[in-house]
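> Got a predicted structure plus its sequence, pasted below:
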Amino acid sequence: LISTLLVMGDTGSDSCDAKQQLLSVVFENQSGRPVELWSDTLDAVYFQAALENEAQVRVDTFVGDRMYFTPPGSGGSHERQYYMLSMTASHAQDKVTLYDKETMKTIKNKQHVGCRGNRCDVLFINKTGKKVRLYWDDGKDGQLQGTLRRNQDQVLHTFVGHSFFATGQSDNHRIYAYTITEDTKTAEIV
């Protein structure tokens, strides 16, 4: 399957609303294969473009419209879609790019970090030059969250006030400790 890089926000109201904001958005295909771009409203499904790899198209759409990528010849079927997003006012300034699954996994993790209220998605990056184990600090021995190789990163879903620590791969000596704040996006383990 293929995923897409997005900047997510509120979906706004549906496109039948007379007060809808018109958006002119660039959609780009970097997936390594041809795709089709479709949109739908409450009333209908619309073919927007066929995109070869590395091609892009500008589409006029409205806040609340749903845009989605499919394989060629899908007829707009949601059962075969790669990804769907609801257009928001923030998309007017963005290019929406479809990537292959592995590339998207890395990019998506790095694009959607930060705190909303007290819930956070934090990108931990291992800059120690060696393998480390990352733990949530439960006030005891910690709860293992994962092992990170040199220069590997991992997004953890957590909360403001939670603390984490890292140890070397072969011992329990704490080499890093960090407490999540409302401004935390990334935490480099050094």
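Received it, and whenever you're ready, just let me know what you need.
> which SS class is residue 79?
Taken by DSSP: H, G, I helix; E, B strand; the rest coil, the conformation at residue 79 corresponds to helix.
> measure it to residue 143 for me?
Applying Cβ to Cβ, to the nearest Å, one obtains 39 Å for the distance of residue 79 from residue 143. Just so you know, the C-beta spots here come from the backbone N, C-alpha and C atoms, and that holds for glycine as well.
> now swap in residue 51 and tell me
When Cβ to Cβ is the yardstick, residue 51 and residue 143 sit 44 Å from each other.
> and what of residue 69?
With distances taken as Cβ to Cβ, residue 69 is found 38 Å from residue 143.
> the more surrounded of those two?
A direct count of neighbours by other Cβ atoms under 10 Å for residue 69 and residue 143 places residue 69 higher, at 25 against 10.
> Tell me the strands beside the helix or strand containing that one, with direction?
For residue 69, the enclosing helix or strand under DSSP states H and E is strand 66-70. When pairing is defined by DSSP bridges, strand 66-70 lines up against strand 35-40 (antiparallel), strand 83-86 (antiparallel).
> So residue 53 belongs to a strand, correct?
No. Note on residue 53: no strand contains this position according to three-state DSSP, which reports coil.
> Just give the number of residues close to it.
Counted by other Cβ under 10 Å, the residues lying close to residue 53 total 13.
> Verify the stated contact: it with residue 97.
No. Residue 53 is beyond contact range of residue 97, at 11.7 Å (criterion: Cβ atoms under 8 Å).
> ok, and what's touching the helix or strand containing residue 124?
Counting by DSSP H and E, the element that carries residue 124 is strand 119-126. With contacts defined as Cβ atoms under 8 Å, 6 or more residues apart in numbering, strand 119-126 is touched by 109-110, 112-115, 132, 134, 148-160, 164, 166, 180, 184-189.
> Narrow these to just the buried residues.
113, 115, 132, 134, 148, 153, 155-156, 158, 164, 166, 180, 184, 187, 189 (16 or more other Cβ atoms under 10 Å).
> Can you say which two of these are spatially most distant?
Spanning the widest gap among those are 115 and 132, at 23.5 Å by Cβ to Cβ.
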